[in-house]
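1. coords please:
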Amino acid sequence: MTDLQSRRRQVANLPHRVITPLRDVLHRESTAGMLLVIAAAAAVVWANSPFSDSYDTFWNAEITLDVGGHTLGMELRHWVNDLAMVLFFFVAGLEIKREITHGELRDPKHASLPIAGAIGGMVVPALLFAALNAGGDGSRGWGIPMATDIAIGRGVVALIGTRAPAWIKLFLLAWA
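-> Model (predicted):
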């Protein structure tokens, strides 16, 4: 084999050598959890940095969808809140429904602890937020910590991956 043929073969195999490891990383369950933690930390740092104006500009960017003469334009934050979060909670609801109908939660004995955890996971953050913000401008935002814990819970479950029993992951999801 000549040197030119060897180089051509290396170039031809380059996409496979790049895509295969990338695909393997993306198929790992823990990758989503790591990305969530990294993105959340980056957003907190960015929003509280001297560059916070660019953070606001990013989320206020107008994105328009134009299909067949019909136009829908919203800020990026609204696309995330009104579309992506709807899909996220829909999928989470389907997973819980599957566990209730065919999985670990179909037996009331097994479901009692996750149900109690879910109620506590809603009530405790809301009460804590309300207590810490009593009388202030933010006191009306008590529902925010109540609704955001499922994303963090899913991130924790993704980070755990296959290292924990299924019932622990199920409890974390139900609690969130």
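2. the strands in this structure, which residues?
-> Here the chain has its strands, by DSSP state E, at 62-67, 70-75.
3. redo these as a markdown table? Include distance to Gln10.
-> Yep, even glycine has a C-beta here, placed from its N, CA and C like the rest. Converted to a markdown table, these look like this (distance: least, CB to CB, whole Å):
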| stretch | distance to Gln10 |
| --- | --- |
| strand 62-67 | 40 |
| strand 70-75 | 46 |
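4. so which of those is the most packed in?
-> Most buried of the strands of the chain, by mean neighbour count (mean count of other CB atoms under 10 Å): strand 70-75, with a mean of 11.
5. for that strand, what is the average pLDDT?
-> Mean pLDDT, strand 70-75: 92.
6. same question, stretch 133-142
-> 80.
7. who wins for proximity to Ser52 among the strands of the chain?
-> strand 70-75 (16.7 Å; CB to CB).
8. what pairs with the closest one, and is each one parallel or antiparallel?
-> Strand pairing for strand 70-75, using DSSP bridges, gives strand 62-67 (antiparallel).
9. okay, the strand it pairs with in CSV with CA atoms only?
-> The C-alpha coordinates for strand 62-67 follow below in CSV (Å, rounded to 0.1, in the frame of the first residue of the first chain):
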residue,chain,number,x,y,z
GLU,A,62,-36.5,36.8,19.0
ILE,A,63,-36.9,33.5,17.2
THR,A,64,-39.5,33.3,14.4
LEU,A,65,-41.0,30.2,12.8
ASP,A,66,-42.6,30.9,9.4
VAL,A,67,-44.5,28.0,7.8
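10. so which of the strands of the chain comes closest to Ser6?
-> Among those, strand 62-67 comes nearest to Ser6, with 46.6 Å by CB to CB.
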